[in-house]
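Colleague: Sequence below, structure please.
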Amino acid sequence: MLEFFDCDKSYMLSLFYILKNVINILRIVVPIILIIMAMFDFFRIVSGNGEIDARVKKKLMGRVLSAVMVFLVPTLSNAVLGIVNVGDLSASACFTNATKENIALYKEQEEEAERKEKEARVSEIKAKEQAAYEAGRKVEYAKNAAKESNPDGGGVLIIAGHSYSGECNLSGDCRGTFAGSGYAEEEETRSLALSLKEALLSEGVNAVIANQILVGDTNSTKMDASFYGATKGRSHYASAFKELEKEGYWKSFDHAIEIHFNASQSHTAYGTMVMTSIGKESLATEMDRQILAAVSDYTGYNRGVLAYSNGGLRDFEYFHGINVPITYIEVEFYDNKSAMDKYKKNQEKIAKAIAEVFKEKGY
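Modeller: You can find the predicted model right below:
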């Protein structure tokens, strides 16, 4: 079958409606004209000579055949149009459906569809405008938090690795709770970050949690912002990160410490390590080793300095790029329940031990 037009559209039904009316008119007008002309021919035959009669008879027969053909046009057209598809309907069905009522119904449906499409476009524009507005608010909140927390620069920037569901799906750093231990890395990094901030401040060392700055709330405990995602532009707070970067905020700190918890295939490994990018083990500083030793006193195993097996550590590379020393520490294995239970009992002591290292170094 042939496919031409869409008979489900009002404009196509309107065309068929006009065509149907034209055919109906022709079916009436043409036979009448032919009958009148045939009557004249008949009178000519009656009143004329033989030679004229033959010609007129021929014309008369032609007119009669024409009249018959006109009457047969709808039948012939239906037969032809029956093999032609117009959308999901045959063309003959389109002729049948081509009524004023159906045209009005299709127009109403099309206008409703157009209205909904327009509303969808308006909603999309409003959503983009709202997103831009929210992004602008996030930037302002982050700037205010940055000014409030570290107006003079210096001190320690704490980064809690990973983030909660909405943010981590965007940034690609989801971890979640390990069923065998009941611990989730993102929860533990934030918990220790808060403990470390408090311990540093109690030691007189200025301390700021980067995740809190990004969300614009220095009292936030959830602080659902991925610093890793922000540096890659895959975060709800990427704009806030960039604006603060332009203002030199991140490089205003004396030292950064990024907190993570490890995992192993056996789920039985334990202990603490400091990590660097591959080939950059020499960048591990005396400060890193002292922090590593302080934490390992409580976890029970110093695993030393390890180069990240998948290449470059994004945040490690970022801070070295802006000349800020960074300690990238894997505190414990969160998939080992017994190791994590031991860690949790000593969490505050570990935070205090790290703070004491910074204080001794004159931060």
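
Colleague: where exactly do the helices run in the chain?
Modeller: Counting by DSSP state H, the chain has helices at residues 10-47, 50-81, 91-97, 100-149, 165-171, 185-202, 210-215, 227-231, 238-246, 286-299, 314-321, 337-345, 347-360.

Colleague: do you know which of those lies nearest residue 279?
Modeller: Within the helices of the chain, the stretch nearest residue 279 is helix 314-321; the backing value is 11.6 Å (CB to CB). The C-beta positions use only the backbone N, C-alpha and C, and glycine is treated the same way.

Colleague: Contacts for that closest one next, please.
Modeller: With CB atoms under 8 Å, 6 or more residues apart in numbering as the test, helix 314-321 has contacts from 159, 227-228, 231-232, 250, 256, 258, 275-277, 280, 283, 308, 325-326, 328.

Colleague: ok, 10 Å please
Modeller: Helix 314-321 is contacted by residues 157, 159, 161, 173, 210, 227-232, 245, 250-251, 253, 255-256, 258, 260, 275-277, 280, 283, 308, 311-313, 324-328 when judged by CB atoms under 10 Å, 6 or more residues apart in numbering.

Colleague: Report the contact partners of residue 199.
Modeller: Applying CB under 10 Å, 6+ apart, the residues near residue 199 are 205, 207, 348-356, 358-359.

Colleague: Pull up the distance across stretch 330-346, start to finish.
Modeller: This stretch, stretch 330-346, spans 16 Å end to end (CA to CA, to the nearest Å).

Colleague: switch to numbering from 31
Modeller: From this message on, residue numbering opens at 31, which makes the last subject stretch 360-376.

Colleague: ok now that stretch, how far from the chain's centre?
Modeller: When C-alpha coordinates are averaged (CA atoms, centre = their mean, to the nearest Å), stretch 360-376 and its chain have centres 36 Å apart.

Colleague: between the helices of the chain, which gets nearest to residue 294?
Modeller: It is, among the helices of the chain and with distance given as CB to CB, helix 367-375, at 10.3 Å.

Colleague: tell me which strands and helices that closest one is in contact with?
Modeller: Using 3 or more CB pairs under 10 Å, 6 or more residues apart in numbering; DSSP states H and E as the contact test, the elements touching helix 367-375 are strand 213-214, helix 215-232, strand 285-292, helix 316-329, strand 356-363.

Colleague: Just the buried ones out of the contacts of helix 344-351, please.
Modeller: Buried members of the contacts of helix 344-351, counted by 16 or more other CB atoms under 10 Å: 187, 189, 191, 203, 240, 257-262, 280, 283, 285-286, 288, 290, 305-307, 310, 343, 354, 356-358.

Colleague: Mean pLDDT and distance to residue 251 added to the helices of the chain, as CSV?
Modeller: As requested, the helices of the chain are arranged in CSV below (pLDDT from 0 to 100; distance: least, CB to CB, whole Å):
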stretch, mean pLDDT, distance to residue 251
helix 40-77, 77, 59
helix 80-111, 64, 73
helix 121-127, 70, 65
helix 130-179, 77, 14
helix 195-201, 61, 15
helix 215-232, 94, 6
helix 240-245, 92, 9
helix 257-261, 88, 17
helix 268-276, 91, 19
helix 316-329, 95, 22
helix 344-351, 91, 22
helix 367-375, 96, 17
helix 377-390, 96, 15
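
Colleague: Highest mean neighbour count out of those helices?
Modeller: helix 240-245 (a mean of 26; mean count of other CB atoms under 10 Å).

Colleague: Restrict stretch 382-389 to CA atoms and write it as CSV.
Modeller: Provided in CSV are the C-alpha atoms of stretch 382-389 (Å, rounded to 0.1, in the frame of the first residue of the first chain):
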residue,chain,number,x,y,z
LYS,A,382,42.5,15.0,68.4
ALA,A,383,45.7,13.2,67.4
ILE,A,384,45.6,14.6,63.9
ALA,A,385,44.8,18.1,65.3
GLU,A,386,47.9,17.8,67.6
VAL,A,387,50.1,17.1,64.6
PHE,A,388,48.9,20.3,62.9
LYS,A,389,49.4,22.3,66.1
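
Colleague: one step back: which among the helices of the chain is found nearest to residue 298?
Modeller: Of all the helices of the chain, helix 367-375 comes closest under CB to CB, at 8.5 Å.

Colleague: Could you check the angle the closest one makes with helix 215-232?
Modeller: Angle, helix 367-375 to helix 215-232, by axes from the mean of the first three to the mean of the last three CA atoms, to 10 degrees: 30 degrees.

Colleague: which residues are contacting helix 367-375?
Modeller: 208, 210-213, 218, 221-222, 291-292, 297-302, 325, 328-331, 361-364, 366, 380.

Colleague: could you check the angle strand 285-292 makes with that helix?
Modeller: Calculated by the same axes, to 10 degrees, helix 367-375 forms an angle of 150 degrees with strand 285-292.

Colleague: now the helices and strands packed on helix 367-375 as a markdown table including distance to residue 123?
Modeller: What follows is those, written out as a markdown table (distance: least, CB to CB, whole Å):
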| stretch | distance to residue 123 |
| --- | --- |
| strand 213-214 | 62 |
| helix 215-232 | 61 |
| strand 285-292 | 68 |
| helix 316-329 | 79 |
| strand 356-363 | 71 |
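
Colleague: To residue 57, which of the ones you listed lies closest?
Modeller: Evaluated over the helices and strands packed on helix 367-375, closeness to residue 57 peaks at helix 215-232, with 79.6 Å, by CB to CB.

Colleague: List the beta-bridge partners for residue 337.
Modeller: Per DSSP bridges, the residues bridged to residue 337 are residue 306.

Colleague: any idea how far it lies from residue 247?
Modeller: For residue 337, the distance to residue 247 equals 35 Å [CB to CB, to the nearest Å].
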